[in-house]
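# Next come a sequence and a model predicted from it.
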Amino acid sequence: MRFKSAQKVFHMRHYKHFNRFLLAFSLIGFIVLFLPWTQTISGTGYLTTRNPEHRPQTIQSPIPGRIEKWYVQEGDFVEKGDTILFISEVKNEYFDPNLISRTGDQIKSKSMAVTSYQGKVKALNSQIGALINERVLKLEQARNKLLQSKLKVQSDSIDLEAAKTNIQIAKRQYDRVVQLEGEGLKAVTDVEEKKLKLQETQAKLISQENKLLASRNEILNATVEISRVRAEYTDKISKAQSDMFTAQSNQFDGEAQVTKLENEYSNYEIRSAMYYIRAPQSGYINKALQAGIGETFKEGDRLVGIMPSNYDLAVETFVAPIDLPLLHVGEKVRIQFDGWPAIVFSGWPNVSYGTYGGQVIAIETFISDNGKYRILIAPDAEDHEWPKDIRVGSGANTLALLEDVAIWYELWRQLNGFPPNYYQPIENMAKTDKK
């Protein structure tokens with residue numbers, strides 16, 4: 001200690017101040033160990049939309065074609081239904097510019113043919129009805145003739161019996177006159193008169209028998225006539241019905257062809273409307289995926305990308321399977337967006353700067369290709385709004401807020417590699433108790 005500098009440096013007072021500093025630091029550190037710390041689950045993801053139809057999409061053509069004209073440029077805003085580009089046909093069966101009108105003419109011609117067949121069917125139905133009525137009349141007439149023939153047979157039979165009686169009477173009279181002439185009581189002339197009368201009566205009997213046979217033949221003829229009338233009109237009606245069925249078959253075939261042509265006509269109209277590729281919803285043209293004039297493409301090929309102008313933002317983040325049981329729908333989440341400066345204290349979200357509030361609205365039940373589970377987060381209505389200039393697809397870091405624990409417990413958990421505390425939200429527990 002001969003030197004003054006050594007006397008100023010090497011003295012015992014600095015130990016006293018250093019010990020006081022260590023003691024104060026230890027006290028502060030010990031107190032800090034009992035401060036609250038919010039357990040969190042971190043995840044990385046990107047911005048998306050809640051509604052699938054609000055997400056960026058590509059516009060495809062349902063038919064193959066060739067690009068003829070563009071009506072927009074990249075970055076342009078289009079309303080729903082605005083024309084984006086015009087395409088032309090590449091299939092030879094659709095090259096005819098008058099295809100729709102000519103198909104319409106074919107429909108008219110076939111429709112007229114169907115109308116003609118309908119008229120023919122009506123005429124044949126009328127003819128069939130007339131033949132049926134005529135058959136009824138003819139059969140009635142034949143039946144009447146048969147009845148007349150039967151009555152005539154009865155009349156002729158009675159006349160035959162009368163002729164038989166007359167011949168018996170004439171024969172007895174003749175025999176009596178012959179006997180009286182033999183006794184000399186009658187003249188020969190009387191005998192000759194009675195003989196003549198007997199012969200006349202025999203002639204009448206033969207004639208009456210012939211009439212009876214003719215009447216019976218008329219009955220047979222009338223019966224045959226009824227069968228002939230039935231057969232004749234059955235043949236006529238069957239032929240008319242055959243013609244009617246043929247006309248109906250042609251009518252139905254024509255109607256089927258008309259329906260097929262109408263279907264083709266509608267398809268041609270719809271296909272012609274597809275030549276103009278229109279915006280499915282209002283949005284911004286991102287990128288033309290098929291460029292140039294005259295470039296051909298197949299059906300289903302992507303032509304242009306569009307981003308809807310109105311959308312509800314959400315964050316799609318991914319968490320490890322070990323953390324999945326800790327997350328529940330309605331869980332509060334803090335989000336840091338790429339491009340927005342933030343100072344994040346994971347355990348003290350209240351003092352973090354530049355983070356935004358979110359709320360879990362959906363948890364995927366099947367693991368994703370990256371080995372993690374997908375979580376969908378929507379803006380928290382109780383927190384301040386998300387930045388206006390963020391875009392779909394930009395990155396985002398998320399912190400899901402769990403239970404509040406002491407710092408010493410969190411340090412002990414981290415050193416031992418234990419997961420955060422498993423718990424159920426208070427609202428879910430209350431619902432379970434009610435059940």
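Looks like it arrived, so ask away. Just so it is clear, the structure is predicted and the values come from calculations on it, not from any experiment.

# since we're on T49, how many residues are nearby?
17 (other CB atoms under 10 Å). Bear in mind the C-beta positions are built from the backbone N, C-alpha and C, glycine included.

# can you give me phi and psi for the closest residue in space to it that isn't next to it in sequence?
Nearest residue to T49 in three dimensions, chain neighbours excluded: Y311, at 4.5 Å (CB to CB, 6 or more residues apart in numbering). Backbone torsions of Y311, given as degrees, to the nearest 10, read phi -160, psi 160.

# measure Y311 to I84 for me?
Distance from Y311 to I84, counting by CB to CB, to the nearest Å: 20 Å.

# So the two - more neighbours on which side?
Ranked by neighbour count (other CB under 10 Å), Y311 and I84 place I84 first, with 20 against 17.

# got a list of what the more buried one touches?
Residues near I84 by CB atoms under 8 Å, 6 or more residues apart in numbering: 59, 70-72, 78, 277-279, 285, 303-304.

# now those: which count as buried?
Among the contacts of I84, those classed as buried by neighbour count (16 or more other CB atoms under 10 Å) are 59, 70, 72, 78, 277-279, 285, 303-304.

# for the residues you listed, which one is nearest K122?
Closest approach to K122 among those (CB to CB): R278, at 48.5 Å.

# isn't the closest one right up against L85?
No. Applying CB atoms under 8 Å as the test, R278 and L85 come out as separate, 9.4 Å apart.

# picking that back up, secondary structure, pLDDT and distance to I28 for the buried ones among the contacts of I84 - can I get that in a markdown table?
Output for the buried ones among the contacts of I84, formatted as a markdown table (DSSP: H, G, I helix; E, B strand; the rest coil; pLDDT from 0 to 100; distance: CB to CB, whole Å):
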| residue | secondary structure | pLDDT | distance to I28 |
| --- | --- | --- | --- |
| I59 | strand | 92 | 63 |
| W70 | strand | 92 | 69 |
| V72 | coil | 91 | 64 |
| V78 | strand | 93 | 62 |
| I277 | strand | 92 | 69 |
| R278 | strand | 93 | 68 |
| A279 | coil | 92 | 63 |
| I285 | strand | 91 | 60 |
| L303 | strand | 92 | 65 |
| V304 | strand | 93 | 62 |
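
# picking that back up, the residue nearest to T49 touches P52, doesn't it?
No. If you go by CB under 8 Å, Y311 and P52 don't touch, sitting 10.6 Å apart.

# The residue nearest to T49: what's it in contact with?
49, 51, 54-55, 392.

# Max pairwise distance over those: which two?
Counting by CB to CB, the most remote pair of these is N51 and V392, 11.8 Å apart.

# In terms of neighbours, single out the busier of those two.
V392 (16 against 12).

# Which helix or strand contains the residue lying closest to the more buried one once chain neighbours are set aside?
Counting by CB to CB, 6+ apart, V392 lies nearest to L47, which is 5.2 Å off, once chain neighbours are set aside. Using DSSP states H and E, L47 maps to strand 36-49.

# Now do the helices in the stretch 151-300 of the chain.
188-273 (DSSP state H, counting those that start in this stretch).

# Where does the prediction get shaky in it?
Within the stretch 151-300 of the chain, no range satisfies pLDDT under 70.

# for G81, what are its contacts?
278-279.

# Kindly reformat the buried ones among the contacts of I84 as CSV containing distance to L22.
Formatted as CSV, those follow (distance: CB to CB, whole Å):
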residue, distance to L22
I59, 70
W70, 75
V72, 72
V78, 70
I277, 76
R278, 76
A279, 71
I285, 67
L303, 72
V304, 69
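
# and which of those residues is nearest to R20?
The closest of those to R20 turns out to be I285 (CB to CB; 70.0 Å).

# Quickly note the distance from the closest one to D389.
With CB to CB as the criterion, I285 and D389 are 20 Å apart.

# Over to P64?
When P64 is compared with D389 (using CB to CB), they lie 40 Å apart.

# At the geometric centre of the protein, which residue sits there?
In the chain, the C-alpha nearest the mean C-alpha coordinate belongs to N263, at 15.7 Å (CA atoms, centre = their mean).

# So for the strand holding L47, mean pLDDT?
For strand 36-49, mean pLDDT is 79.

# so what secondary structure elements neighbour that strand?
Here strand 36-49 touches strand 313-319, strand 373-379, strand 395-406, helix 407-416, going by 3 or more CB pairs under 8 Å, 6 or more residues apart in numbering; DSSP states H and E.

# and with 10 Å instead?
strand 313-319, strand 332-337, strand 373-379, strand 395-406, helix 407-416 (3 or more CB pairs under 10 Å, 6 or more residues apart in numbering; DSSP states H and E).

# between these, which gets nearest to G29?
helix 407-416 (9.8 Å).

# Now tabulate the contacts of Y311 in TSV and tack on secondary structure and distance to I293.
TSV is the format used below for the contacts of Y311 (DSSP: H, G, I helix; E, B strand; the rest coil; distance: CB to CB, whole Å):
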residue	secondary structure	distance to I293
T49	strand	34
N51	coil	35
H54	helix	32
R55	coil	30
V392	coil	31
